[in-house]
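>>> Predicted model and sequence follow; I will ask about them next.
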Amino acid sequence: MRSITTQTREELDRMDAPGEPSDAVTLITVLGPVQAWRGGIKLDLGSPQQRGVLAALVLASRRSLTADGLIDSVWGEDPPRTARETIRTYVSRLNRVLAPVTYSRMIRFELGRYQLDTTSITTDLDRFRNLVTAASEARTSDDSEAASQHLRHAAALAQGPALVGATGHFVDSARQRLMDLVGSVVENALALDIELGRFEDAGFEPAIAVGDRPASERLVELRMTALSYQGRRAEALTLFDETRRQLREDFGIDPGARLLHLHQEILRGLVEPAPDHNMTPVGTPAGSQERLPPVPLPARTTTLVGRRNELAMITAALTDSVSPAVVGVTGLGGMGKTALAIHAAHLVRSEFSDGQIFLDLGDAAAGDEIAGRLLQYLGVPPDRQPPSAAGRLALWRTLVDGKRLLLILDNVTTPEQVHAVLPSRPGSALLFTTWRRLPAVTGAHWVAVGPLSGPESVVLLRTVSGTSRVETERDAALELAAACSGHPLALHVAGARLLARPNWSIARLVEELRDDLDNPKVMKSDCKIVDAPIVATLERIGDTTASAFRILALSDRLGVTVASASALLDLDERSTVGVLEELVDAHLMLAVSDIAYSHLTLARAYARRQAWQIEGPEACREAQSRLWASRHISRPLQDRGEVDQPIRIVGSPENQALSMRSV
């Protein structure tokens with residue numbers, strides 16, 4: 001057994017090779033036998049089922065699992081009646097084994113959830129993922145040598161089939177997923193060896209049981225290429241014959257078109273030895289140039305602040321799913337959905353060896369139009385695409401079938417756009433951003449992007465406008481952040497104002513911003529920039545709901561209760577809740593509790609300005625009258641039991657012309 005060093009993430013990223021674990025840290029392995037080591041001593045993890053519980057917690061990485069989640073992992077849909085007690089027993093035994101001296105809890109149970117203590121435990125899977133990430137970053141920096149070393153070290157961590165010695169309902173599918181992940185890394189390592197001209201290294205045998213996995217045609221293709229470049233043409237052809245025989249015996253199929261093409265090229269002598277170690281691209285005629293896997297990801301923004309929880313949720317959903325992963329990111333425009341999705345895509349790009357595609361839908365596009373644009377990314381020009389919509393969609397699905405591809409769709413507006421390009425098999429994933437949750441996209445993991453906290457907003461201001469200025473007036477910076485509602489786009493605009501006014505204090509800018517919010521007309525062009533996402537959302541939600549949004553802003557308070565909203569809208573409470581929840585779904589309001597809702601400061605200011613212009617002065621005064629009556633007349637009378645229904649006031653509160661007509 002090879003021991004793996006345990007360090008902080010930053011230290012791991014700097015390391016190139018495995019080492020010995022610290023006596024203070026317990027090492028758990030799952031990329032092979034499920035084992036645990038401490039101070040060079042192998043620990044007794046007990047029964048196969050108990051090992052399965054530990055393995056499930058390791059695969060959860062830094063996420064916690066409920067007792068029901070663990071029970072489902074171990075027994076599936078038919079757990080015994082004593083399952084919960086058995087889980088508690090297994091966890092207790094594992095804690096005693098993993099920390100026999102300190103008796104600390106390596107597996108914590110808090111708020112009904114189990115989680116590994118990652119400060120005292122390291123795993124080969126964490127090390128594996130860190131090395132793969134380091135390889136991806138090195139590749140991005142054009143350091144192929146470093147990328148190759150990281151991938152080789154990652155592949156070396158696999159000590160045969162994964163999860164050996166553990167039993168549980170989840171084990172078979174998780175083992176396959178882990179072996180596919182390791183196999184992908186092995187393939188990428190071999191491809192880099194060939195690119196670097198190390199053809200003799202491209203035949204190295206990793207410690208994974210390749211024979212236990214379905215034949216990887218890409219692995220065979222790479223090894224055939226390496227053998228051909230070394231002048232070992234007969235061995236390359238023999239390897240092809242063995243692979244074809246295995247595929248026919250095991251699956252009843254022939255090799256794919258790419259491998260058949262390479263076979264023909266070798267037979268014709270078109271893939272010649274490379275004495276100067278210059279690479280002839282895999283699977284293409286000599287002299288042609290291979291098109292690399294699609295990786296047109298935009299660069300990560302340097303001003304992404306916070307969002308740790310959201311990033312963890314997205315990356316876990318994209319990489320931990322045994323079915324095709326679909327993740328939707330929702331939020332008001334300007335909250336940073338796109339930046340978050342791009343950042344998450346960069347973090348997991350190493351998991352998707354066949355590439356990543358980013359597509360901004362912009363204006364609404366039909367599913368077949370999206371497929372046509374995606375086909376161009378895969379090298380199929382418009383003049384070679386099928387003329388029919390169904391044909392384009394079918395070709396897209398055919399080309400990506402069985403691939404490990406990450407597709408990012410920005411600005412999705414309809415479920416049909418998602419359904420058209422959904423991956424059909426595990427391995428690929430779809431990450432998309434949209435203005436609101438789309439219930440018709442079943443099985444999706446949803447991540448909502450809301451306002452930044454006060455401290456996070458200050459960090460963003462500091463990033464945009466400079467550290468010293470913000471630190472000097474930190475209290476004023478917090479006020480500015482609050483006035484901006486924690487909205488990243490608004491904070492960027494405020495930071496730009498600060499840069500444009502180097503002699504102004506932040507306190508003065510806060511006063512100016514408050515004046516802007518109270519002004520019935522937009523006076524500055526950058527205010528329109530901040531209003532734009534709200535305008536776009538209002539255009540999508542329909543006239544009735546948009547009108548309600550404007551009327552609700554007439555309250556003299558930032559938040560409204562259901563009772564107050566009911567008075568403003570002149571609706572019964574059930575209908576009012578429906579309107580409020582629709583506004584929450586559109587991210588125009590926040591649900592504070594089951595009876596209270598709140599505007600964002602910026603959204604409320606925009607809505608108040610628009611209410612007087614669009615709804616008209618008379619409608620606005622009547623709404624305010626109903627609210628006044630609800631608070632000062634109807635509610636006190638109801639509290640004293642003198643009336644059993646709300647009453648309304650007609651005209652302005654000053655006139656006090658009351659009507660006792662029921663709402």
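Yep, it's here.
>>> alpha carbons only for contacts and neighbour counts from here, please
Will do.
>>> just for the stretch 451-600 of the chain, where's the confidence low?
467, 516-526 (pLDDT under 70).
>>> quick one: the helices in it?
Counting by DSSP state H, counting those that start in this stretch, one finds helices in the stretch 451-600 of the chain at the ranges 454-465, 467-472, 474-483, 488-500, 506-518, 525-541, 543-552, 562-569, 573-585.
>>> what's the closest of those to Ala60?
helix 454-465 (27.6 Å; CA to CA).
>>> Give the buried residues for that closest one.
Gly454, Glu456, Ser457, Val458, Val459, Leu460, Leu461, Arg462, Thr463, Val464, Ser465 (16 or more other CA atoms under 10 Å).
>>> what's the span of stretch 324-343, first residue to last?
20 Å (CA to CA, to the nearest Å).
>>> Same question for stretch 553-561.
Stretch 553-561: ends 12 Å apart by CA to CA.
>>> could you dump stretch 402-420 to PDB, C-alpha only?
What follows is stretch 402-420, C-alpha atoms only, in PDB (Å, rounded to 0.1, in the frame of the first residue of the first chain):
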ATOM      1  CA  GLY A 402     -20.800   8.300 -23.900                       C
ATOM      2  CA  LYS A 403     -18.600  11.400 -23.600                       C
ATOM      3  CA  ARG A 404     -17.500  13.200 -20.400                       C
ATOM      4  CA  LEU A 405     -18.600  16.700 -21.500                       C
ATOM      5  CA  LEU A 406     -19.600  19.700 -19.400                       C
ATOM      6  CA  LEU A 407     -22.100  22.000 -21.100                       C
ATOM      7  CA  ILE A 408     -22.800  25.400 -19.600                       C
ATOM      8  CA  LEU A 409     -25.900  27.300 -21.000                       C
ATOM      9  CA  ASP A 410     -26.100  31.000 -19.900                       C
ATOM     10  CA  ASN A 411     -29.500  32.900 -19.800                       C
ATOM     11  CA  VAL A 412     -31.900  30.000 -20.300                       C
ATOM     12  CA  THR A 413     -35.500  31.100 -20.500                       C
ATOM     13  CA  THR A 414     -37.500  28.000 -21.200                       C
ATOM     14  CA  PRO A 415     -37.500  24.400 -20.100                       C
ATOM     15  CA  GLU A 416     -37.400  23.300 -23.800                       C
ATOM     16  CA  GLN A 417     -34.000  24.800 -24.200                       C
ATOM     17  CA  VAL A 418     -32.700  22.500 -21.400                       C
ATOM     18  CA  HIS A 419     -34.600  19.400 -22.500                       C
ATOM     19  CA  ALA A 420     -33.200  19.700 -26.000                       C
END
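>>> how far is that stretch from where the chain is centred?
13 Å (CA atoms, centre = their mean, to the nearest Å).
>>> hmm, who's touching that stretch?
Stretch 402-420 is touched from outside by 338, 341, 345, 349, 351-362, 364-368, 370-371, 393, 425-435, 438, 440-441, with contacts defined as CA atoms under 8 Å, 6 or more residues apart in numbering.
>>> Could you give the number of residues near Glu582?
16 (other CA atoms under 10 Å).
>>> likewise Asp383?
7.
>>> right, so the helices of the stretch 451-600 of the chain: which one is the most enclosed?
helix 562-569 (a mean of 24; mean count of other CA atoms under 10 Å).
>>> helices or strands next to the lengthiest helix in the chain in the packing?
Identified as the longest helix of the chain according to DSSP state H is helix 171-195. Where contact means 3 or more CA pairs under 8 Å, 6 or more residues apart in numbering; DSSP states H and E, helix 171-195 is packed against helix 144-156, helix 217-229.
>>> Buried residues, it. List them.
Applying 16+ other CA under 10 Å to helix 171-195 flags 171, 174-195 as buried.
>>> Just want the most central residue of this protein.
Centroid-nearest residue in the chain: Ile314, 2.2 Å away (criterion: CA atoms, centre = their mean).
>>> For the helix or strand where it lies, buried residues please.
Assigned by DSSP states H and E, Ile314 belongs to helix 308-320. Within helix 308-320, the residues that qualify as buried are Glu310, Leu311, Met313, Ile314, Thr315, Ala316, Ala317, Leu318, Thr319, counting by 16+ other CA under 10 Å.
>>> Throw those into TSV and include pLDDT and distance to Leu237, thanks.
Listed next are the buried residues of helix 308-320 as TSV, based on pLDDT from 0 to 100; distance: CA to CA, whole Å:
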residue	pLDDT	distance to Leu237
Glu310	87	49
Leu311	85	46
Met313	87	46
Ile314	89	44
Thr315	86	41
Ala316	85	41
Ala317	85	41
Leu318	85	38
Thr319	81	36
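>>> which residues of the stretch 1-150 of the chain fall in helices?
Counting by DSSP H, counting those that start in this stretch, the helices of the stretch 1-150 of the chain are 9-14, 48-59, 67-75, 83-98, 124-140, 144-156.
>>> go on, the stretch 201-350 of the chain?
Counting by DSSP H, counting those that start in this stretch, the helices of the stretch 201-350 of the chain are 217-229, 233-251, 257-267, 308-320, 337-348.
>>> winner for burial among those?
helix 217-229 (a mean of 24).
>>> And it, what does it pack against?
helix 171-195, helix 233-251, helix 257-267.
>>> As JSON lines, the helices of the stretch 1-150 of the chain with distance to Pro386, mean pLDDT and mean neighbour count would be great.
Listed next are the helices of the stretch 1-150 of the chain as JSON lines, based on distance: least, CA to CA, whole Å; pLDDT from 0 to 100; neighbours: other CA atoms under 10 Å:
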{"stretch": "helix 9-14", "distance to Pro386": "46", "mean pLDDT": "36", "mean neighbour count": "13"}
{"stretch": "helix 48-59", "distance to Pro386": "42", "mean pLDDT": "94", "mean neighbour count": "22"}
{"stretch": "helix 67-75", "distance to Pro386": "44", "mean pLDDT": "91", "mean neighbour count": "19"}
{"stretch": "helix 83-98", "distance to Pro386": "55", "mean pLDDT": "92", "mean neighbour count": "17"}
{"stretch": "helix 124-140", "distance to Pro386": "34", "mean pLDDT": "88", "mean neighbour count": "21"}
{"stretch": "helix 144-156", "distance to Pro386": "38", "mean pLDDT": "88", "mean neighbour count": "22"}
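>>> if we can go back for a sec, from the buried residues of helix 454-465, pick the one nearest Gly486.
When the buried residues of helix 454-465 are compared against Gly486 (criterion: CA to CA), the nearest one is Ser457, at 5.7 Å.
>>> give me every residue that touches the closest one.
Val305, Leu478, Ala481, Gly486, Pro488, Leu491.
>>> Spatially nearest residue to the fifth one (excluding sequence neighbours)?
Counting by CA to CA, 6 or more residues apart in numbering, Met335 is the residue found nearest to Pro488 once chain neighbours are left out, at 5.5 Å.
>>> wait, the one you found sits on His492?
No: between Met335 and His492 there is no contact under CA atoms under 8 Å: 10.9 Å.
>>> Excluding chain neighbours, what is closest to Arg218?
Arg218 sits nearest to Glu187 (CA to CA, 6+ apart), 7.0 Å away.
>>> Relative to Gln50, how far out is the one you found?
Distance from Glu187 to Gln50, by CA to CA: 33 Å.
>>> do Gln35 as well
12 Å.
>>> again with Asp556
Distance from Asp556 to Gln50, by CA to CA: 59 Å.
>>> Check Lys42 too.
Lys42 is 16 Å from Gln50, by CA to CA.
>>> cool, Ala155 as well?
Distance, Ala155 to Gln50, using CA to CA: 27 Å.
>>> burial count for Gly256?
Neighbour tally, Gly256, other CA under 10 Å: 11.
>>> Same question for Leu627.
Leu627: 27 neighbours (other CA under 10 Å).
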